[in-house]
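# Sequence and predicted structure below; questions after.
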Amino acid sequence: MSHKRIPKRKAAIAVGGVAALGAAALLLPHANASQTDAKGAAPKTLKSADASNLASLLASQLGDAFGGAYWDASKQQVIVNVVGNNSNVVNTVAKAGAVPRSVNNSLSALKTAAKTLKSDATIPGTAWSIDPKTNQVQVTADSTVTGAKWAKLTSTVDSLGSGVATVKKSAGTFKTFVSGGDAIFAQANGGGVRCSLGFNVTASDGAPAFLTAGHCGVAAKQWSDSQNGQPIATVDQATFPGTGDFSLVKYDDPATQTVSEVNEGNGKTVQITQAADATVGQQVLRMGSTTGLHDGSVTGLDATVNFQSETVPGGVDTVTGLIQTNVCAEAGDSGGSLFTADGSAIGLTSGGSGDCTAGGETFFQPVTAALQATGATLGAGGAAGGAAGAGGASAAATDPAATDPAATDPAATDPAATDPAATDPAATDPAATDPAATDPAATDPAAGGQSGTGSGQSSTGMNAGSGLVTSTP
């Protein structure tokens, strides 16, 4: 990735390209659902960002009758799942401009099923998310889940009842992706750590900063924009594992300009104008130094991923509230940006399984949740952290009022790996500001250690790219 330098050492790191990675949604032929339109109401044609707001609004109005929502990309319409035969509910959906669809499972019932999975089947190498298209909880197990573990998982899924959840196997292993596009670098535990910058933001105190994966922020404290350069940014907040995978990293030079854009490569950038909640069916892009620009769609919301802990033998690092996609990713993409072609910041690369040859599942930290938790705003300010997603399966269904949710970094750490923060920190590529640094895309990202300290100073910026974290001794 190329570097963009701003005169007088006022550098800005362009937001790293993000793409959604995940398991493709399994569309059942029946799904116990039918689609019906209310008399006289014509569905609205909407952009995916507007679809999220509409779904969120209807979620708040329908209560227990709401079964999630998703965006039909081919028709550009919002499909809202409705439980029961209440004509008033159907008319409310139709009058709002969405398409009502009759289903058996309410969103609250699917969330209850997910809680049961968490309490009874938190097994390393497993993940689940709510898919409104199938009106079920989609459960995935990587290649490490065998024997008694597989039996326990499948029996738990069966106990949820018919038509509530399905389980499938993934050929790879869940892990965090650490290496990057316009990468950021750190030293930890005697090895190198490499991540990607997600989105440039302004911290609540007005300081220039960026968002990246939480497991990157846990792995090292100080970050540079070149492999052997001086630190240019310092971790202020980091969450991993737990309710997210994101870090807020502040530039050491207060004069750094936080440009709000994503580097797509080949000299092209996308201006990021707002943060938005994801919606199932939404078309998304991911940019990584390892694999370049890739696209795909959102396949699930409110995902839970159980990474094998790298610090506690046999332990589990569970991350909740992630976005699942079918966009491929590989090592070096962690912390990178997940965004839309029209400029909406959606997520931060967390982790997953597979690669860009065979495909796989990839998970992202919602940007809106990260912004809200850190109090940061996109770019130079003005795009504050927003609401959380509302309809389980409908990523967009979060607080429709939150129009500019900020990017959080869902970069799942190393699902199959152990403590992602330890050995496979995700790429936070906070576009280190090291003015002298040229192409930060050092290819051998190191994942590994825990945290570094110290402070850096340079203030040159670079175009951010998404990256997964890898480690080198």
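Alright, I've got the coordinates.
# Low-confidence regions, this structure specifically.
1-41, 177-182, 189-191, 289, 310, 381-473 (pLDDT under 70).
# how about a cut-off of 80?
Applying pLDDT under 80 to the chain flags residues 1-41, 48-49, 176-184, 187-191, 288-292, 310-311, 331-332, 360, 380-473.
# mind listing the strands for the stretch 101-250 of the chain?
Along the stretch 101-250 of the chain, the segments classed as strands by DSSP state E, counting those that start in this stretch run 126-131, 136-141, 165-169, 175-176, 183-188, 191-196, 199-202, 208-212, 222-223, 233-239, 246-251.
# out of those strands, nearest to Arg286?
strand 191-196 (10.3 Å; Cβ to Cβ). For glycine as for every other residue, the C-beta is placed from the backbone atoms N, C-alpha and C.
# Report all helices and strands that the closest one contacts.
Here strand 191-196 touches strand 183-188, helix 214-219, strand 471-472, going by 3 or more Cβ pairs under 8 Å, 6 or more residues apart in numbering; DSSP states H and E.
# circling back: of all the strands of the stretch 101-250 of the chain, which lies closest to Gly314?
Once the strands of the stretch 101-250 of the chain are compared by Cβ to Cβ, strand 126-131 is nearest, at 14.5 Å.
# on contacts alone, who are the packing partners of that closest one?
Counting contacts by 3+ Cβ pairs under 8 Å, 6+ apart, strand 126-131 packs against helix 107-120, strand 136-141, strand 292-308, strand 316-325.
# residues making contact with the first one?
Just to be clear, that refers to helix 107-120. 59, 64, 66-68, 81, 128, 130, 135-137, 139, 152, 156-157, 159-160, 164-165, 302, 304, 318, 391-393 (Cβ atoms under 8 Å, 6 or more residues apart in numbering).
# Okay, buried residues for it please.
Leu107, Ala109, Leu110, Ala113, Ala114, Thr116, Leu117 (16 or more other Cβ atoms under 10 Å).
# circling back: could you dump the helices and strands packed on strand 126-131 to JSON lines with distance to Cys216?
As requested, those are arranged in JSON lines below (distance: least, Cβ to Cβ, whole Å):
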{"stretch": "helix 107-120", "distance to Cys216": "25"}
{"stretch": "strand 136-141", "distance to Cys216": "24"}
{"stretch": "strand 292-308", "distance to Cys216": "14"}
{"stretch": "strand 316-325", "distance to Cys216": "13"}
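# So which of these is nearest Thr362?
strand 316-325 (5.6 Å).
# any idea of the angle the closest one forms with helix 107-120?
150 degrees (axes from the mean of the first three to the mean of the last three Cα atoms, to 10 degrees).
# quick one: Val93 and Ser48, what's the gap?
18 Å (Cβ to Cβ, to the nearest Å).
# The two: who's more crowded?
Neighbour count, other Cβ atoms under 10 Å: between Val93 and Ser48, Val93 has more, with 30 against 26.
# quick one: secondary structure of that one?
helix (DSSP: H, G, I helix; E, B strand; the rest coil).
# pretty sure it contacts Ala55?
No: judged on Cβ atoms under 8 Å, Val93 makes no contact with Ala55 at a distance of 10.2 Å.
# Now the common contact residues for these two.
Val80.
# buried ones in stretch 334-342?
Here stretch 334-342 shows Ser334, Gly335, Gly336, Ser337, Leu338, Phe339, Thr340 as buried, counting by 16+ other Cβ under 10 Å.
# Closest one to Gln372 out of these, please.
When the buried residues of stretch 334-342 are compared against Gln372 (criterion: Cβ to Cβ), the nearest one is Leu338, at 16.8 Å.
# does that closest one really touch Met287, like I thought?
No: using Cβ under 8 Å, Leu338 is not in contact with Met287; the gap is 9.3 Å.
# ok, back up a step: which of the helices and strands packed on strand 191-196 has the highest mean neighbour count?
Stretch with highest mean neighbour count among those: helix 214-219 (a mean of 38; mean count of other Cβ atoms under 10 Å).
# all helices in the stretch 251-400 of the chain, in order from the N-terminus.
Here the stretch 251-400 of the chain has its helices, by DSSP state H, counting those that start in this stretch, at 367-374.
# Show me where it has its strands.
Using DSSP E, counting those that start in this stretch, strands in the stretch 251-400 of the chain cover 261-265, 268-271, 274-275, 283-288, 292-308, 316-325, 337-339, 344-352, 362-366, 377-378, 383-384.
# Generate JSON lines for these, with distance to Ala220 as supplementary columns.
Below are these laid out as JSON lines (distance: least, Cβ to Cβ, whole Å):
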{"stretch": "strand 261-265", "distance to Ala220": "22"}
{"stretch": "strand 268-271", "distance to Ala220": "27"}
{"stretch": "strand 274-275", "distance to Ala220": "26"}
{"stretch": "strand 283-288", "distance to Ala220": "20"}
{"stretch": "strand 292-308", "distance to Ala220": "18"}
{"stretch": "strand 316-325", "distance to Ala220": "17"}
{"stretch": "strand 337-339", "distance to Ala220": "20"}
{"stretch": "strand 344-352", "distance to Ala220": "16"}
{"stretch": "strand 362-366", "distance to Ala220": "18"}
{"stretch": "strand 377-378", "distance to Ala220": "24"}
{"stretch": "strand 383-384", "distance to Ala220": "27"}
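# ok, now how distant is Phe364 from Ala127?
12 Å.
# So the two - more neighbours on which side?
Phe364 (41 against 31).
# Leaving out chain neighbours, which residue sits closest to the more buried one?
Nearest non-adjacent residue to Phe364, counting by Cβ to Cβ, 6 or more residues apart in numbering: Gly347, 3.2 Å away.
# Can you report how many residues neighbour that neighbour?
The number of residues packed near Gly347 is 43, by other Cβ under 10 Å.
# my read: it touches Ala369, true?
No: at 9.2 Å, Gly347 does not count as touching Ala369 under the criterion of Cβ under 8 Å.
# among the helices and strands packed on strand 191-196, which is nearest Pro208?
strand 183-188 (14.4 Å).
# Check which helices and strands that closest one is in contact with.
Strand 183-188 packs on strand 191-196, helix 214-219, strand 222-223, going by 3+ Cβ pairs under 8 Å, 6+ apart.
# Only C-alpha atoms, please: export the first one in PDB.
Read it as strand 191-196. This file holds the C-alpha atoms of strand 191-196, laid out as PDB (Å, rounded to 0.1, in the frame of the first residue of the first chain):
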ATOM      1  CA  GLY A 191       9.200 -11.000  18.400                       C
ATOM      2  CA  GLY A 192       7.500  -8.700  15.900                       C
ATOM      3  CA  VAL A 193       3.800  -8.100  15.700                       C
ATOM      4  CA  ARG A 194       2.000  -6.700  12.700                       C
ATOM      5  CA  CYS A 195      -1.600  -5.500  12.400                       C
ATOM      6  CA  SER A 196      -3.600  -3.100  10.200                       C
END
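# What strands flank it, and is each parallel or antiparallel?
Partner strands for strand 191-196, per DSSP bridges, with pairing direction: strand 183-188 (antiparallel), strand 471-472 (antiparallel).
# Could you point out which of those sits nearest Gln227?
So among the strands paired with strand 191-196, strand 183-188 is nearest, using Cβ to Cβ, at 5.0 Å.
# Good, wrapping up.
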